[in-house]
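1. Sequence and predicted structure, then a few things I'm wondering about:
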Amino acid sequence: MALLLGALSTLWLTPVYAAPALSPSVVTSARHFNPSTFEERRADLLQTAARYVSAGDTPAGSLYDITAALHLGVNLEAANVRLAQLLAAPPSGNMFWMYQMVMLMAAGQGRLSVANEQRFGDLWRTYWPSRGDTENHWLMYYASLRVVSQLRPNRPPADWFNGRSSEENAAEAGAYIREWIRVTTTQGQGEYDSPGYIGEYVVPLALLAGWEADPERRDEARRMLDYLFFDYAVDQINGQYAGAHSRVYPRQILLPGATTGSALGWLAFGVGERVQNAQAVVLATSGYTPPPVLGEIAHGAGRPYVNLERKRTRWRIRHAGPEAFRVGDRLTHPVYKYSYVHPDFILGSSQGGLLQPIQQQTWNLRWRVENTTEASNTFFTVQPHSSPHEGTMYFTFDWDSSTDVIARSKVDYDSPDKLASGSPYEQVFQEGPALVGLYQIPPGARFPHLLTLFSRDLQDVVEDPSGWIFARGGPVYVAYRPFVAGEWRDNDWTGLLRGGAGAWISAGFESWGSRHRVLISEAPRNGYVVQVAPVREHASYVAFQSAIRALPLRFRVDRGPEVEFTTLSGRVLSAVYGETPKVDGRPLDYAAWPLFSNPFAHEKVGSGRLNVRHAGEGFSSDFTSLAEPEGTKQP
């Protein structure tokens, strides 16, 4: 998957032919955010990519660079020669290969050489790409199949790898795409809010937004791009995706501004720093224009605020659990997200548990920085978990081989110092800029410890005699109170990634993975409290520490973790492990958790709508005509 994206950095592409018309603005006005700014960034990205293409003695240019050239109608002779060189290699990459071919074909309509046109036809006939096994795989596969079937209409089964006609392929793909839209807008995404994998959703939707032949379906794709970018805009700070993530790699954890999400944020909204990114080039060629109101939200409108979101887990094959619910004939589990979004920071979390296999991040703190691509502005705790129970919950592997099979591609999965993990033994909740975590790890668990990352960008760390640990991250003070003391270690104390394991996963480790520390607490019954505050709200660092020490806090871990903590704002957070947490004595109402709730949109689970409003501007999308599958039961 992501391996392919890295390995094929010399094989990328983009879409265009006769460039699709830019989508009409769906906002009522744009007082503060000029759409021409997006056009300038769009042009800059494409022109830069197109300049890389050459086909002389030193051929250069990736597939996405070639696509940019085809899209712009520049350097066409070199683009066709270079494309022929790249297409001569045996095809590989499955659904990633599919969308690259589709983008090139769309970009090259009327501009491809006869030989390249014929090569595309041969490839679609002879190479059988896998559909994959993840949500993003299936969307890429079916969006690519839908568009290529329309680019090659009326072709008989003999012209296709799967022995189906163009019309049959288009119909199957169209049915899945609408099902995905229906599930996402009623039950939430399974691969939710991923700083890297957001690109694997933007790309197929961009294909459909640019080249779907049916105007109604093309509009649906453009409105789903609005949906995804709204989801991103409300939970990012200066382009960096924040809060709980479904899937994230070690490098993305430690360099949150050097991700596809950040690159897309720069293109769409001008937040963060410019990054030349393949998937951003795809979006740039699609004709999609983000609603200006989303730019205002991305640039900090309405902050501070609380953002609530209800997502779902990946489909559960086994061990679904008592809170699982059914969507059609599949089982999933609710994910309850909470983010406190402040001009200076975002503290965001989910409830904990095994919400996404392998690469989950249950919570994190992200503070504002200007140098976004090189900053390691993050703080979080994880209970590293590895077990056949998790592997067989989400994958078809057998119990005995599941851990080994997972670790072959995600090399840090079975390592005690991994930074991304869900845990069946954790319980997390949050109120504003304060967060509580409780853990009860049974005997025999693989890694019975908590790992708290103090990144290299945290400064002035103080271990106070009271048990509190204080730190400063840019414009933010952090207070962390572990229930059981721990010991300091290097973040990669096993040397796994430093030693080059996983190839592309650990590539460049010294630049992004070194000089961080982790606090390791090995008690099986454990917990912590986190309190965050803007520097601007306290007279000094010493004053902040004094205020924290004065807060009422009581906890115990002897018979099972429990805590009661009064925050800086006076709210009382209390919890007993295994019971519903309380705020000011009232249990959290997970049953009423909304699909979205923030100052800009309020949608209930099952709504199938998104109605965004800010300062008299906004847009509305209604997907309710796409009815839920028969048998769907709400949690």
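-> All right, it came through fine. Numbers count the residues shown, from 1 in each chain.
2. Name the nearest residue to Val74, ignoring sequence neighbours.
-> Ala50 (5.5 Å; Cβ to Cβ, 6 or more residues apart in numbering). Bear in mind the C-beta positions are built from the backbone N, C-alpha and C, glycine included.
3. Over to Asn371?
-> Glu273 (7.4 Å).
4. what pairs with the strand ranked longest in the chain, and is each one parallel or antiparallel?
-> Of all segments of type strand in the chain, defined using DSSP state E, the longest is strand 525-534. When pairing is defined by DSSP bridges, strand 525-534 lines up against strand 434-440 (antiparallel), strand 476-482 (antiparallel).
5. immediately after it, which helix or strand?
-> Next helix or strand after strand 525-534 toward the C-terminus (DSSP states H and E): helix 541-549.
6. what packs against that next one?
-> Packing contacts for helix 541-549, counted by 3 or more Cβ pairs under 8 Å, 6 or more residues apart in numbering; DSSP states H and E, involve strand 469-473, strand 476-482.
7. Report the mean confidence score over the first one.
-> The reference is to strand 469-473. Mean per-residue pLDDT for strand 469-473: 98.
8. Not counting that strand itself, show me its contacts.
-> For strand 469-473, contacts defined as Cβ atoms under 8 Å, 6 or more residues apart in numbering pick out 345, 365, 367, 377, 379, 454-455, 457-464, 477-482, 519, 535, 541, 544-545, 548.
9. Report the contact partners of the residue nearest to Asn371.
-> 239, 257, 262, 266, 371-373.
10. Okay, now the unreliable bits of the stretch 101-250 of the chain?
-> Residues of the stretch 101-250 of the chain meeting the criterion pLDDT under 70: none.
11. What ranges does it have for its helices?
-> 114-126, 135-151, 166-187, 199-211, 215-233, 250-254 (DSSP state H, counting those that start in this stretch).
12. Also the stretch 351-500 of the chain?
-> Going by DSSP H, counting those that start in this stretch, the stretch 351-500 of the chain shows helices at 388-394, 402-409.
13. In a markdown table: these, plus mean neighbour count, distance to Ala420 and mean pLDDT.
-> Converted to a markdown table, the helices of the stretch 351-500 of the chain look like this (neighbours: other Cβ atoms under 10 Å; distance: least, Cβ to Cβ, whole Å; pLDDT from 0 to 100):
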| stretch | mean neighbour count | distance to Ala420 | mean pLDDT |
| --- | --- | --- | --- |
| helix 388-394 | 20 | 13 | 95 |
| helix 402-409 | 16 | 13 | 92 |
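14. okay, these in a markdown table with distance to Phe38 next?
-> Below are the helices of the stretch 351-500 of the chain laid out as a markdown table (distance: least, Cβ to Cβ, whole Å):
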| stretch | distance to Phe38 |
| --- | --- |
| helix 388-394 | 38 |
| helix 402-409 | 36 |
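15. So which of these is nearest Gly508?
-> Of all the helices of the stretch 351-500 of the chain, it is helix 402-409 that lies closest to Gly508, at 18.9 Å by Cβ to Cβ.
16. tell me which element Arg41 is part of?
-> helix 35-51.
17. Run through who's touching that helix.
-> 14, 25, 64-65, 67-69, 71-72, 74-75, 266-270, 274, 276, 280-281, 284-285, 289-290, 292, 295.
18. pretty sure Ala268 contacts Pro291?
-> No - Ala268 lies out of contact with Pro291 (Cβ atoms under 8 Å); the separation is 10.0 Å.
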